[in-house]
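Below are the sequence and a predicted model; questions follow.
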Amino acid sequence: MNTKADNTIIAFLLAFQDLKTALGEQEKQNLKEVAKQLDTQPKAWEDYIKGRLLEIIIPNPDLNKSYQLYKSQLDNLEEIPDDLLPSEAEISRLNTLEKSPITRGFKPKNEATGYESQLNNVVVIVGSSSQPEETVKQATFLEKWKQFLSQSNQSN
């Protein structure tokens, strides 16, 4: 169940939620592009999309520091419990938070059936929103991740 792609996405979401400063306009534009590609071509993750996401993370010192911390914690996990996944209700709630008339009613094309597509849907919603920093803070399932990682690190 645990793959490197999942770790990159979840580490990004956790780090992005912790970010104290807003993304620059170019970073937001790049995130929108990543979200669009993840929505339309999720199989291109390894070849193309992952690199585009890292191009947003690495140049941003605060985001990169937090990302590296979460990524290393996630890479050390043996297994990820299913209850840490965002529920369909949470994904729908995130969808309705966005007030922009352009994205109202936006529905991810991928059904949230598996681990990757559920996380992809969250990235698509966050990245497509006009205020991604605010939208990601509403993703309450990320708090469960932070608690889980903190407990996992204490037991190691």
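On my side now, so go ahead. Bear in mind the structure is a predicted one, so any value in this text is a computation, not a measurement.

who does the helix or strand harbouring S72 touch, helix- and strand-wise?
S72 is part of helix 61-75 when elements are defined by DSSP states H and E. Here helix 61-75 touches helix 4-18, helix 50-57, helix 141-155, going by 3 or more C-beta pairs under 8 Å, 6 or more residues apart in numbering; DSSP states H and E. No exception for glycine: its C-beta is placed from N, CA and C like everyone else's.

distance of L31 from V124?
Summarising the geometry, the distance separating L31 from V124, computed by C-beta to C-beta, to the nearest Å, is 10 Å.

ok, these two, which is more surrounded?
A direct count of neighbours by other C-beta atoms under 10 Å for L31 and V124 places V124 higher, at 28 against 22.

so where's the chain uncertain?
Counting by pLDDT under 70, the low-confidence segments of the chain come to 1-6, 97-115, 156.

any chance of the helices and strands packed on helix 61-75 in JSON lines, with distance to K71 and mean neighbour count too?
Written out in JSON lines, the entries for the helices and strands packed on helix 61-75 read as follows (distance: least, C-beta to C-beta, whole Å; neighbours: other C-beta atoms under 10 Å):
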{"stretch": "helix 4-18", "distance to K71": "4", "mean neighbour count": "21"}
{"stretch": "helix 50-57", "distance to K71": "9", "mean neighbour count": "17"}
{"stretch": "helix 141-155", "distance to K71": "11", "mean neighbour count": "14"}
